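*Asks:* Turn this into a model:
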Amino acid sequence: LMTLFPLGAVQMGQALRDDRSGQTASQADGIVRLWWQTEVVEKNQLLPGSEDPFFLTLDNPNYPNPATVLQPQRALDNSPSYPVVLDSIGWHSQSVATGQWISLSVAEPRLPRRTMKSITNLIPQAVRTFSMMDDITFTETGIPDTNSGSLPNKVVREGAFNWCAVIQRPNNANRYTADFKVCVFHTKGLYGGHVPGLAPTNAETIYSLTNTLLAPPALNGTQVVLNVPVGNLPIRSGSWIMDGSNSAVTNFYRIQSVTDNGASTTLELDTPLKGTTPITQMYIIRGLADVFDRPQLTASGYSRQAP
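*Replies:* Numbering: from 1, shown residues only. As a prediction, this is how the structure comes out:
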């Protein structure tokens, strides 16, 4: 009986996180579809050049900073566009150099990260838009806390759940149709001091498995073998890893089990590896709680579709 109580507490905690993650993803779905319709589709149709810069970043990840060359511009043909991460919190909480990309170094394939054009500051716009709307801190009297944050008279948000979106056109000639994933973070801490004790330097940690892969994992297989023990890496059952082999894919995999024999570590994934080329680089992103594949964005992107 004594062992059942902590086990039940752990399962209840996971159920709460899953529930909040689902709510966060649902909120993100509505926000992104409305933004895609009004700031991308309608503005491009009415006045090309006035649309959100995100639209052009899908073709050219160097945009709007052509001095930083990552990859050549994609043709408007049947090949996929570049994947781009819509992450206003990450963009505004990092320096310009690190905020534009999700990567460890310029030598590795990097995912371009962008913000919404309409969001011009981290607090309160980015935090309010990219975190749970009801994820706020209350005082002991039951009213919202407006005193302990970094901005006077502003509601302090707990910062437990926030999100970013990964968007990519599967066919770059079809300009208004895009694949859409929502990545939900738990305790990522991207609030620049607005949450007491958290600073931008705590924003995110990305661990590269590039040099620890024992060999390129088999395509369609479910195992990834590392040539080192897990050690201090934030890997456990339920964690997520991302395929970062090249800038044309953004596949996420949940770890089903971890087997550490002291010299190497085997990660068993819950779904087979995707793609047609060997996977050579993988990443762990700290705080990534869940990844949701959402219905495609379309020219009527504001309309919610059934999951």
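*Asks:* all helices in this structure, in order from the N-terminus.
*Replies:* 4-35, 43-46, 54-57, 88-93, 96-99, 127-130 (DSSP state H).
*Asks:* Indicate which one of the ones you listed is closest to G221.
*Replies:* Closest approach to G221 among the helices of the chain (CB to CB): helix 4-35, 26.8 Å. C-beta coordinates here come from the backbone N, C-alpha and C atoms, glycine included.
*Asks:* Would you pull up how far that closest one lies from the middle of the chain?
*Replies:* With CA atoms, centre = their mean, to the nearest Å as the basis, helix 4-35 stands 15 Å off its chain's centre.
*Asks:* Show me where the stretch 151-300 of the chain has its strands.
*Replies:* For the stretch 151-300 of the chain, the strands defined by DSSP state E, counting those that start in this stretch cover 161-168, 178-186, 206-208, 223-226, 240-243, 252-260, 265-269, 282-285, 288-297.
*Asks:* Let's have the helices of the chain in a markdown table, adding mean pLDDT, mean neighbour count and distance to R169.
*Replies:* Listed next are the helices of the chain as a markdown table, based on pLDDT from 0 to 100; neighbours: other CB atoms under 10 Å; distance: least, CB to CB, whole Å:
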| stretch | mean pLDDT | mean neighbour count | distance to R169 |
| --- | --- | --- | --- |
| helix 4-35 | 81 | 15 | 14 |
| helix 43-46 | 87 | 14 | 13 |
| helix 54-57 | 88 | 21 | 10 |
| helix 88-93 | 80 | 26 | 21 |
| helix 96-99 | 59 | 13 | 23 |
| helix 127-130 | 82 | 23 | 22 |
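*Asks:* Ok, which of these comes nearest S245?
*Replies:* helix 54-57 (20.5 Å).
*Asks:* CA-only coordinates of the closest one in PDB, if you can.
*Replies:* Extracted C-alpha coordinates of helix 54-57, given in PDB (Å, rounded to 0.1, in the frame of the first residue of the first chain):
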ATOM      1  CA  PHE A  54       7.600  34.400 -41.700                       C
ATOM      2  CA  PHE A  55       6.000  33.800 -45.100                       C
ATOM      3  CA  LEU A  56       9.300  34.500 -46.900                       C
ATOM      4  CA  THR A  57      11.400  32.700 -44.300                       C
END
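*Asks:* And the contacts of it?
*Replies:* 40, 44, 63-64, 82, 84, 86, 112, 114, 116-117, 167 (CB atoms under 8 Å, 6 or more residues apart in numbering).
*Asks:* One more: stretch 288-298?
*Replies:* Under CB under 8 Å, 6+ apart, the answer for stretch 288-298 is 17-18, 21-22, 25, 29, 32-33, 36, 161, 167, 176-186, 239-240, 252, 254, 305-307.
*Asks:* can you pull up the bridge partners for the closest residue to I235 other than its chain neighbours?
*Replies:* For I235, ignoring the flanking residues on the chain, the nearest one in space by CB to CB, 6 or more residues apart in numbering is V258 at 5.8 Å. V258 has the following beta-bridge partners by DSSP bridges: L267.
*Asks:* got the contact list for V258?
*Replies:* 230, 235-237, 265-268.
*Asks:* Could you export those residues as JSON lines, including distance to A289?
*Replies:* Listed next are the contacts of V258 as JSON lines, based on distance: CB to CB, whole Å:
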{"residue": "V230", "distance to A289": "19"}
{"residue": "I235", "distance to A289": "14"}
{"residue": "R236", "distance to A289": "12"}
{"residue": "S237", "distance to A289": "14"}
{"residue": "T265", "distance to A289": "22"}
{"residue": "T266", "distance to A289": "23"}
{"residue": "L267", "distance to A289": "18"}
{"residue": "E268", "distance to A289": "19"}
